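Colleague: attaching a predicted model along with its sequence, questions to come.
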Amino acid sequence: MSLVSGAGEVWAIKGNKKRIFDPGKDDPAEMLAAIIGPTGNLRVPTLRIGDRLVVGFHEGVYSQLLL
């Protein structure tokens, strides 16, 4: 997945949990399991902020990133 391979960090957010993955070092299967939804598509919302890919939603995390 080119979107992930071009990222320096991948943030997977589910509910109140946030996991930060390094695509070059972390297990790709574990990372994809965290960002792919039950339908097999990339979870939403998905944002690309610089070299960071943010997948999922939590208001506090978005406030931290966008302010």
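Modeller: That came through fine.
Colleague: buried ones in stretch 2-14?
Modeller: Val4, Ala7, Val10, Trp11, Ala12, Ile13 (16 or more other CB atoms under 10 Å). Placement of C-beta: from N, CA and C, glycine included.
Colleague: okay, the closest residue to Lys14 other than its chain neighbours and Asn41: tell me how far apart.
Modeller: With sequence-adjacent residues excluded and distances taken as CB to CB, 6 or more residues apart in numbering, Lys14 is closest to Gly56, at 5.6 Å. Noted for Gly56: a distance of 13 Å to Asn41, by CB to CB, to the nearest Å.
Colleague: with neighbour numbers in mind, choose between these two.
Modeller: Higher neighbour count among Gly56 and Asn41: Gly56, with 22 against 9, using other CB atoms under 10 Å.
Colleague: you'd agree the more buried one is up against Asn16?
Modeller: No. In this structure Gly56 lies outside contact range of Asn16 using CB atoms under 8 Å: 10.9 Å.
Colleague: so what pLDDT did the residue nearest to Lys14 get?
Modeller: Looking at Gly56, its pLDDT is 94.
Colleague: same check on the one 10 residues further on?
Modeller: Looking at Leu66, its pLDDT stands at 80.
Colleague: and it, how many neighbours does it have?
Modeller: When neighbours are counted by other CB under 10 Å, Leu66 comes out with 9.
Colleague: list phi and psi for it.
Modeller: Per-residue torsions, Leu66: phi -100, psi -10 (degrees, to the nearest 10).
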